[in-house]
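S.K.: got a predicted structure plus its sequence, pasted below:
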Amino acid sequence: MPPSRIWTTTGLLTIWAANALAEPVPALVPFSSATGSKPPAPWRVVGLPGNKVPLARVEISPQDGAPVLSLATDKSYGSAVHDLPRHAPGADAVLRWRWKLATPLVGADLRTKAGDDAALKVCALFDTPLDGLPLTERTLMRIARSVSGENLPSASLCYVWDATLPAGTLLPNAFSARVRYLVVNGAETPPGRWVSHERRLSKDFLMAFGREVSSVPPLIAIAVGADSDNTGGKSLGYVGDVTLAP
């Protein structure tokens, strides 16, 4: 092959690889773009399957001069979910957000089923192949998807604000091993002020699920939520714009 042809072929492959790596991550519609009390589409408010508990108040409200997502619970559960294009890049993205805890949730204890509630959580939802899960978890996931009618994520990493556990605590959900919690604001962070976060999703996912998988699966959605159905308490928090960046 002539040198010029080799250079051209190599150059095209290099350009193709660079473009593939530079493919933009999915954009999340900002809460600050809302014109009313409902989260802007495609954000959608969801509760527990079958409406087993009351739906938390998940709506847009002004805070410090800007529209943000308000999450108020009263023995309730609710999340705002932003679905992403199937097989879209983003698993190696940087997730950024800011939030403020106004009313902490009394009685929460993420280590137990009775205390499994969070006043604020931002979750990255992943599509881990079911064939790689233990038989029991695989069966439960298929049943849950059938009952709910939703393509429930097979692996969820939730960043939480917990008023009792220290920041850096990583633990599984008391009800399902398909959900892992990472406390990013804990007992050392006083409520009532805005706190910003920036997290590398691939690093945190492998830290949470690395014993099960060796690679990061596709990112299928981002969820922002709060719940107090297990503790029977009340909480109030706010979340500003959530973004994904390369």
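M.R.: That came through, no problem. The structure displayed is predicted, hence computed values, not measured ones. Numbering: from 1, shown residues only.
S.K.: what's the burial count for the residue nearest to Ala245 when sequence neighbours are not counted?
M.R.: Nearest-residue entry for Ala245: Val94, 4.7 Å, with adjacent residues in sequence omitted and distances by CB to CB, 6 or more residues apart in numbering. Placement of C-beta: from N, CA and C, glycine included. Val94: 16 surrounding residues under other CB atoms under 10 Å.
S.K.: and the helices in this protein, which stretches?
M.R.: Applying DSSP state H to the chain gives helices spanning 3-21, 135-148, 201-209.
S.K.: for the last one, the distance to its chain's centre please.
M.R.: How far helix 201-209 lies from its chain's middle: 13 Å, per CA atoms, centre = their mean, to the nearest Å.
S.K.: just the CA coordinates of that helix, formatted as PDB?
M.R.: Only the C-alpha atoms of helix 201-209 are listed here, as PDB (Å, rounded to 0.1, in the frame of the first residue of the first chain):
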ATOM      1  CA  LEU A 201     -20.600   8.100  37.000                       C
ATOM      2  CA  SER A 202     -18.400   5.300  35.700                       C
ATOM      3  CA  LYS A 203     -16.100   5.600  38.700                       C
ATOM      4  CA  ASP A 204     -19.000   5.600  41.200                       C
ATOM      5  CA  PHE A 205     -20.800   2.800  39.400                       C
ATOM      6  CA  LEU A 206     -17.900   0.500  39.500                       C
ATOM      7  CA  MET A 207     -17.300   1.300  43.100                       C
ATOM      8  CA  ALA A 208     -20.900   0.300  43.900                       C
ATOM      9  CA  PHE A 209     -21.400  -2.600  41.500                       C
END
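S.K.: point out where this structure drops to low pLDDT.
M.R.: Within the chain, the stretches with pLDDT under 70 are 1-24, 87-91, 128-154.
S.K.: residue nearest the centroid of the chain?
M.R.: Computing the C-alpha centroid of the chain and ranking residues by CA atoms, centre = their mean puts Cys123 first, at 1.3 Å.
S.K.: I'd assumed Asp227 was in contact with it.
M.R.: No - using CB atoms under 8 Å, Cys123 is not in contact with Asp227; the gap is 11.6 Å.
S.K.: in stretch 66-80, which residues are buried?
M.R.: Neighbour-count burial for stretch 66-80 flags 67-73, 75-80 (criterion: 16 or more other CB atoms under 10 Å).
S.K.: for those, work out which two are farthest apart.
M.R.: Pro67 and Lys75 (26.7 Å; CB to CB).
S.K.: residues near Gly36, how many?
M.R.: The burial count for Gly36: 9, using other CB under 10 Å.
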